[in-house]
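**Q** for reference, the sequence and a predicted model appear below.
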Amino acid sequence: MSKINFLKPDKSNLQIFLYSGTFLFFISILDVFLNAFFRVNLTFFLPGFLSFLLPLILGFIGLYFIRIELSGVKKLDLINKHINTNNFNAILSLLIIFVIIKSIPPILSWFFIEASFAGDTKDVCTGSGACWTYIKVWFRRFMYGMYPNAEQWRINLSFIALALLGSVGYFATDKFKKYLTLYYVVIYPLIAFLFIFFFISGGPIFFDFSYGIIAAIISIIVGFFIPSKFKFYYFLIIPFALYIILKYFIFFEEAIELGKLDGLNWVETGAWGGLSLTFIISFFCLIFCFPIGMAFALGRRSGFPLIRYISIGFIEFWRGVPLITVLFMSAVMFPMFLPEDFFIDKLVRAIIAISLFEAAYVAEVIRGGLQALPRGQYEAAKSLGMGYWKMHIFVILPQALKLVIPGIANTFLALVKDTPLIFVVGLLEIVGMLNLAKTNPKWLGFAMEGYVFAAIIFWIICYAMSKYSYNLEQKYKTDR
Amino acid sequence: MNFKLKTIVPQLITVLAVILVFGFFTYNAQINMENRGIDFGYGFLSQESSFDVQFSLIEYDGSHSYFRAYLVGLLNTILVSVIGIIIATVIGVIVGIARLSPNYLINKFAAFYVEFFRNIPLLLQIFFWYFAALRALPLPQDAEAMFGVFFLTIKGLYVPAFIWENLNIFFYSLVAAVISIIIIKTYAKKVQETQGKQIPVFLIGIGLIFSLPLLSFLIGGVNLSFEVPKLKQLATTSFIYEGGVSLPPELIALTLSLSLYTATFIAECVRAGIQGVGKGQKEAAASIGLTPNQVLKLVIMPQALRIIIPPTTNQYLNLTKNSSLAAAIAYPDLVLVFAGTALMQTGKAIEIVSITMLTYLSLSVSISILMNWYNKKIAIKEK
């Protein structure tokens, strides 16, 4: 006890180390804090670089002092364990704390304190902060694109109705639970399509597309009652036959003209845009890419070599090229491949292109799930006398899909993040609208605000999706 | 008979359907091209392109052929991809390891980075860097030098150029160093297997890789000098830097956003890989007396790499494909130069789009073949 050990605490001088360490640590944080928020430099009397480094040095010494193993103080142990395990970690922790403290004031002032919210011209934006007036003025364009202001209630109403219809699953009683799959796979997309067809468009845009959809939906519904022996041939032939019948023998145009709602103006797809277009495209691509992907995943694992090779070719082709070239193809090359009188709207072309592209990724994800299933599942199903389709629908796919929820969620996330690329075909969703607004002579110089706004929206959507998929994964997790 | 029918008919119908669809497309394409008076052919590749490209790694101007323009675009794509891959790997590995840190703050900071950059569309990030962040940079005349030689301005980043004399000798010395390291490594392995002695290969390697090039400077007559960019006044308010290498802002914005975005995915791969190695492995290695460094080098890393590398290669591929977004900010990559400008000029939609797609396709197919080979090589061989 004759001399005091300055560098290592023992029982007798534990308190001194504790207090001096905590004191130094807090001084360092206080210094950075005052500097960041009030521009007060506590250590102005020191030379420049020393004054700059002093918080780091003080904090480091402080953290070194309080790094006491098994001190008996619970909070201290917690701090030591989490941010102060060794010298290196201590410095990194300090740096991160300083960066956070330093970055709060500029962010706050840009977003709120110096920002301008009022008014509706550029003149009010004089401060150094963000100009949220710009977002306010352009808000409708960012949300609805060039869709006429007077008609925007149609989009709102459709989206609210579809959201409500989509939430049916949460309120369904046990009695109706078994119909939910049918509802979500067939009926809900049909309703959504009708809403967009009659309500948001309000006119003849989707023609050939709509024949296809109606043919597909009718054949899927009838397909449930076809014996599984003939299902393959049925799905290969009937949808196309139905499509041709609908197109050439039943005058569907007139039927649609009859069904057209009175008093709604036709808004062509070129005027659609903004965030609502992002939703529309994501929604339809999501609906289409899933069954296509599933079909190709099954095709790739099929016992028929020719079908397998075709599936492999399809999947590897789409996975090998960037989406932007696919959209280029749909814009400039695809029209060359169609008869001259055969017109497909560019929105539909974009949806087809993105769906096929993402379907290849979905196919690979589902194939992973199929491969992960033990052979016993297939053999058990076969030994019960199930055919190919029955085995897959009732035994294999439910288990395989459960396994690949995270993968599918990632693909869908990628899909949502890929939608801005449709600028290639001349459609402007929210990012495209931002670029348009940025070049408006009255509103030059507010690119930052626009991109931050869009980034926040996309971040919220994508983060919510990933969290939802995580919950889904936890919910359907079964021990096997 | 019945059995045969059952296997043949579905395949036949599928193939027929595919042939029908393709036949339908080709038939229409032929008619359409005839109607519009376009003839099909790849002969235009040797014609004079007569358009200029802003940024090119090889000598190029309007008098060169379309094929040369294609090469310019391809090289620019490769340049962006390679720089992006290197930066993304560095950031990704650091962040991935930081995600596993016991330090709460570092852990959360890395998690924040990953969640933040992963959930914002890449195109939006590119636009943000190009149109918002880099536009806030100073004009050339106001730019302050970083380390005295780098100038970051609104017109791009200016870095000093290397001027080599006898570059080939320097190159040979590097090759010689690498070869001798490989020889020493095999020898060391042999020595360790037979005699149990360890040779400090790593130290010798570092010594060689520095000393041989240094020797080439001293004896071989290699000389390296730097050309620092200098400010030059064009008009009263227009300044430009001369000399050195200039990187256009498009390239900076693109590499920055590509690598920041892809790094999040690589970080997740790295984290999953390290977590995928069982805890027992680490404990077992420690219990037979290996030092922490040896545990990491001999036990954890070989197993973790097996999990990390395949998905990471996938991310590299994604980065390469995503570099085609360059077209949105007018960086002259393959899509912009070839599928954009060249297509506008020639109107050969089918030929040009097919060449562009085939290029990307062959790139990714060759890498996935390489990947499959590597996977087979490193797969655990069960006896």
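**A** Yes, it's here.
**Q** give me every residue that touches B:Ala98.
**A** Contacts of B:Ala98 were listed using CB atoms under 8 Å, 6 or more residues apart in numbering or on different chains, and they are B:106-107, B:109-110. Backbone N, C-alpha and C define where each C-beta goes, glycine included.
**Q** can you rerun that using 10 Å?
**A** Contact partners of B:Ala98, counting by CB atoms under 10 Å, 6 or more residues apart in numbering or on different chains, are A:92, B:105-111, B:113-114, B:267, B:270-271.
**Q** give me the pLDDT for residue 260.
**A** Just so you know, I chose chain A. At A:Lys260 the predicted local confidence, pLDDT, stands at 54.
**Q** actually chain B
**A** Listed pLDDT for B:Leu260 reads 95.
**Q** tell me the SS of it?
**A** Following DSSP: H, G, I helix; E, B strand; the rest coil, B:Leu260 is assigned to helix.
**Q** spatially nearest residue to it, not counting backbone neighbours?
**A** Closest residue to B:Leu260 apart from its sequence neighbours, by CB to CB, 6 or more residues apart in numbering or on different chains: B:Phe117 at 5.4 Å.
**Q** pLDDT score assigned to the one you found?
**A** What the model reports for B:Phe117 is a pLDDT of 93.
**Q** just checking, which helix or strand succeeds whichever strand or helix holds it along the chain?
**A** According to DSSP states H and E, B:Phe117 maps onto helix B:104-118. Remark: after helix B:104-118, the chain's next helix or strand is helix B:122-127, criterion DSSP H and E.
**Q** could you pull out the strands for the stretch 51-200 of chain B?
**A** All strands of the stretch 51-200 of chain B, identified by DSSP state E, counting those that start in this stretch, fall at B:145-146, B:150-153, B:156-159, B:161-165.
**Q** need those strands in CSV (columns: mean neighbour count, mean pLDDT and distance to chain A).
**A** Listed next are the strands of the stretch 51-200 of chain B as CSV, based on neighbours: other CB atoms under 10 Å in any protein chain shown; pLDDT from 0 to 100; distance: least, CB to the nearest CB, whole Å:
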stretch, mean neighbour count, mean pLDDT, distance to chain A
strand B:145-146, 12, 70, 18
strand B:150-153, 20, 78, 18
strand B:156-159, 22, 80, 18
strand B:161-165, 13, 74, 32
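**Q** for these, which one sits closest to A:Leu384?
**A** Set against A:Leu384 and scored by CB to CB, these come closest in strand B:156-159, at 67.1 Å.
**Q** tell me how far that closest one lies from the chain's centre.
**A** Strand B:156-159 has its average C-alpha position 20 Å from the chain's average C-alpha position, going by CA atoms, centre = their mean, to the nearest Å.
**Q** what does stretch A:137-152 give?
**A** Counting by CA atoms, centre = their mean, stretch A:137-152 is centred 23 Å from the centre of its parent chain.
**Q** just the buried residues of it, please?
**A** Using 16 or more other CB atoms under 10 Å in any protein chain shown as the test for burial, stretch A:137-152 gives A:137-138, A:141-145, A:147, A:151-152.
**Q** how about low-confidence regions in chain A?
**A** A:1-11, A:71, A:202-211, A:228-229, A:232, A:236, A:247-264, A:478-480 (pLDDT under 70).
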